[in-house]
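K.L.:
Sequence first, then the predicted structure, then my questions.
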Amino acid sequence: MRLVFVLFLSLASLFADVNNLSESDHIAKIIKFDGIVKSLKYGTIKKLQVKEGERLNPGDIVMTYRQASVMLELLDGSRIVLDEKAILRFAQADMIQQRGGAIYYDIVKRDAKNSLKVRTPLCYYWC
């Protein structure tokens, strides 16, 4: 019973802080990928293989598998590369959550009002 409760809390935190947004409100897109890279769209339970040009919205999760990588581009031109076995969640338009693996960021300079928050298992960073 405790395991079910912990699983429920994990799923609830996964979907927290996401507003109802349409497909046109994307915040990133897939530039290129190599290997098995899947996305989990907000509100769904099935992971699907990504496609080049695929748009990512708040609440979506991108994950790379063994010997895979993916390059994402944010609306402002910033780029993010996920190496193998990495998980990244787009919590909000200005916040992403790194869930694991090696992720490399090339962030375009922003002012403090429009900063990008990167949440990791250990702490927060502001770019």
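P.N.:
Cool, got the structure.
K.L.:
in this structure, which spans are strands?
P.N.:
28-34, 37-40, 48-49, 55-56, 61-64, 69-74, 79-82, 87-92, 95-100, 103-106, 117-119, 124-126 (DSSP state E).
K.L.:
Please give me every residue in contact with residue 48.
P.N.:
38, 39, 40, 41 (C-beta atoms under 8 Å, 6 or more residues apart in numbering). Quick note: C-beta positions are derived from backbone N, CA and C, even for glycine.
K.L.:
List the residues that contact the most centrally placed residue in the chain.
P.N.:
Closest residue to the average C-alpha location of the chain: residue 89 at 2.7 Å, with C-alpha atoms, centre = their mean. Contact analysis of residue 89 by C-beta under 8 Å, 6+ apart lists 14, 59, 60, 61, 96, 97, 99.
K.L.:
can I assume residue 34 is in contact with residue 68?
P.N.:
Yes: Residue 34 is within contact range of residue 68, at 6.2 Å (criterion: C-beta atoms under 8 Å).
K.L.:
This completes my enquiry, with thanks.
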